[in-house]
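Q: got a predicted structure here, sequence first:
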Amino acid sequence: MTNIRKMNPQDVPTVASIHYTELKNSFLCSFGQHFIEQLYYGMLTIPTTFGYVSEEKGQIIGFAFCCENTQGLFTKTIVNRFWHLF
């Protein structure tokens, strides 16, 4: 049975791995999996963003991440996580 729940910071490594594996030809993946992890950690701290994960047997098999307003999203996220990117 599939369970859908709100994403939390502990989910980020798995979510980043899925993103990196499934969207490997995307622009963001060109920066590497560590960058994607930091991006999700940062986006989770912004009040206008939210994410959900889909689980089967306790394993995350998919996710969705949304933002109410994308204006400045990446700038805010990178500023929040800048020192973690290296």
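A: Received the coordinates, thanks. Residues are numbered from 1 along each chain as shown.

Q: burial count for residue 65?
A: By other CB atoms under 10 Å, 16 other residues sit near residue 65. Backbone N, C-alpha and C define where each C-beta goes, glycine included.

Q: which parts of this structure are helices?
A: Taking DSSP state H as the test, the helices found in the chain are 12-22, 33-44, 73-81.

Q: between those helices, which one is nearest to residue 57?
A: Of all these, helix 12-22 sits nearest to residue 57, with 13.8 Å by CB to CB.

Q: what's that closest one packed up against?
A: Counting contacts by 3 or more CB pairs under 8 Å, 6 or more residues apart in numbering; DSSP states H and E, helix 12-22 packs against helix 33-44, strand 49-56, strand 59-67.

Q: among the helices of the chain, which comes closest to residue 54?
A: Among those, helix 12-22 comes nearest to residue 54, with 10.1 Å by CB to CB.

Q: what angle separates that closest one from helix 33-44?
A: 120 degrees (axes from the mean of the first three to the mean of the last three CA atoms, to 10 degrees).

Q: list the buried residues for helix 12-22?
A: Neighbour-count burial for helix 12-22 flags 12, 14-16, 18-20 (criterion: 16 or more other CB atoms under 10 Å).

Q: for the chain, give me the ranges with low pLDDT.
A: For the chain, the stretches with pLDDT under 70 are 82-83, 85-86.

Q: tell me the centre residue of it?
A: Nearest to the mean C-alpha position of the chain, by CA atoms, centre = their mean, lies residue 40 at 3.2 Å.

Q: pull the contacting residues for the nearest residue to it once chain neighbours are set aside.
A: For residue 40, ignoring the flanking residues on the chain, the nearest one in space by CB to CB, 6 or more residues apart in numbering is residue 12 at 4.7 Å. Listed by CB atoms under 8 Å, 6 or more residues apart in numbering, the contact set of residue 12 reads 37, 40-41, 44.
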